[in-house]
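Novice: coordinates only, sequence not included:
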């Protein structure tokens, strides 16, 4: 038997990671998950697709007749390719920091909850209510009701090593 190539090794590792992430949401243990969990699964694998990219990805792995469920056998090969191609990489820390600094024109080092909600729901590709709540629960310091964005970025950035 020939030794495994680095691609084969990577594929095997990705398969294991994807299966593990998938199984967390496979509540019936029947190799299917609710389509609404797919974004969470993909993000748990270190990918950060936009809503549009996520939508396209779901379309690719959904059955011909959408059932509301995604099957592992369809998700696995597509997700493996995504990981191999390093698609949907997170934005680098310095770029994120710069984006926050642009929003924080007064250079205070934080944004209030109100400012954050305004920027995330009114500009560019707006966050959904659910995404906003998820981000706020992770980002907002309850005592000051603001986001210390340097700390938040450090927490957000996935260590590549």
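Specialist: Yes, it's here. Note that the structure is predicted; figures quoted are calculated from it, not measured.
Novice: Which elements pack onto the lowest-mean-pLDDT helix or strand in the chain?
Specialist: Each helix and strand of the chain was given a mean pLDDT (mean pLDDT, DSSP states H and E); the minimum falls on helix 149-156 at a mean of 81. On a contact count with 3 or more Cβ pairs under 8 Å, 6 or more residues apart in numbering; DSSP states H and E, helix 149-156 meets helix 93-103, helix 129-139. Every residue, glycine included, has its C-beta placed from N, CA and C.
Novice: mind running it again at 6 Å?
Specialist: Applying 3 or more Cβ pairs under 6 Å, 6 or more residues apart in numbering; DSSP states H and E, one finds that helix 149-156 contacts helix 93-103.
Novice: Tell me which helix or strand residue 20 sits in.
Specialist: helix 6-25 (DSSP states H and E).
Novice: ok now that helix, how far from the chain's centre?
Specialist: 17 Å (Cα atoms, centre = their mean, to the nearest Å).
Novice: The chain should start at 52 in everything you say after this.
Specialist: All set: I'll call the first residue 52, so the last point we hit is now helix 57-76.
Novice: Sort out which residues of it are buried, please.
Specialist: With burial defined by 16 or more other Cβ atoms under 10 Å, the residues of helix 57-76 counted as buried are 62, 65, 68-69, 72-73, 76.
Novice: Any chance you could list what contacts the least confident helix or strand of the chain?
Specialist: 144, 147-148, 151, 190 (Cβ atoms under 6 Å, 6 or more residues apart in numbering).
Novice: Can you classify residue 121 as helix, strand or coil?
Specialist: Here residue 121 is strand, with the state taken from DSSP: H, G, I helix; E, B strand; the rest coil.
Novice: coming back round to it: and the contacts of helix 200-207, which is closest to residue 111?
Specialist: Each of the contacts of helix 200-207 was scored against residue 111 by Cβ to Cβ, and residue 147 proved nearest at 27.9 Å.
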